[in-house]
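Novice: Return atomic coordinates for the entry below.
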Amino acid sequence: MQNIPRYLLFRLEIIWWLITLVITSVILIPILYQLPDYQFFWPNLAFVLVFITVTRYIFLLRYSFLANWSYVKVALIFVCFLTIFLLVQEINFFQTFLDENGMEPIVATLPKDKQLNMMNYIRSEMLLFGVGSVIGCVVLPLRLVLSIWRRINGHED
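Specialist: Residues are numbered from 1 along each chain as shown. Okay, here's the model as predicted:
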């Protein structure tokens, strides 16, 4: 692989973060528009951001600023393990809340005709991105180890 100039990698990273912010906004704005005091906003935001970013690094690592930074990759491997525990804890907290209280307290301020749709959307979206982000954080260290191994042994990444 040819070495891509750093300024292009930096621009690409900025573009990806802008795309990530747009996608995150599209996913979370329907909830925040109808439920401004949504109590699971921060875990939900973390799930979406981690899912998109980790998935991008899994598939497009060679086109990121991390491509040539082996020490940062090693650090990210350890960060992923911590992130997995935090994400699983938040999924468990959300699921426990649903088991004990149901979705009704979250959507109680909405009119009755909109509650069911919002309940389904929140539950599906939280679990999709929550579980997806955990799976991504399990796979990313494997991808980083493979990338480091290829770099050490002179293979293209």
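Novice: switch to C-alpha atoms for all contacts and neighbour counts from now on
Specialist: Fine.
Novice: just the helices in the chain please.
Specialist: Taking DSSP state H, the helices of the chain run over residues 6-34, 41-60, 70-101, 104-107, 112-152.
Novice: Packing partners of the last one?
Specialist: The one in question is helix 112-152. helix 41-60, helix 70-101, helix 104-107 (3 or more C-alpha pairs under 8 Å, 6 or more residues apart in numbering; DSSP states H and E).
Novice: quick one: it to helix 70-101, angle?
Specialist: 160 degrees (axes from the mean of the first three to the mean of the last three C-alpha atoms, to 10 degrees).
Novice: by how many degrees do helix 112-152 and helix 6-34 diverge?
Specialist: Going by the same axes, to 10 degrees, helix 112-152 makes 160 degrees with helix 6-34.
Novice: which residues sit in contact with G130?
Specialist: N44, F47, V48, F51, L87, V88, I91 (C-alpha atoms under 8 Å, 6 or more residues apart in numbering).
Novice: Quick check: closest non-adjacent residue to the fifth one.
Specialist: Closest residue to L87 apart from its sequence neighbours, by C-alpha to C-alpha, 6 or more residues apart in numbering: V134 at 6.4 Å.
Novice: For burial, what's the neighbour tally of that neighbour?
Specialist: Neighbours of V134 under the rule other C-alpha atoms under 10 Å: 24.
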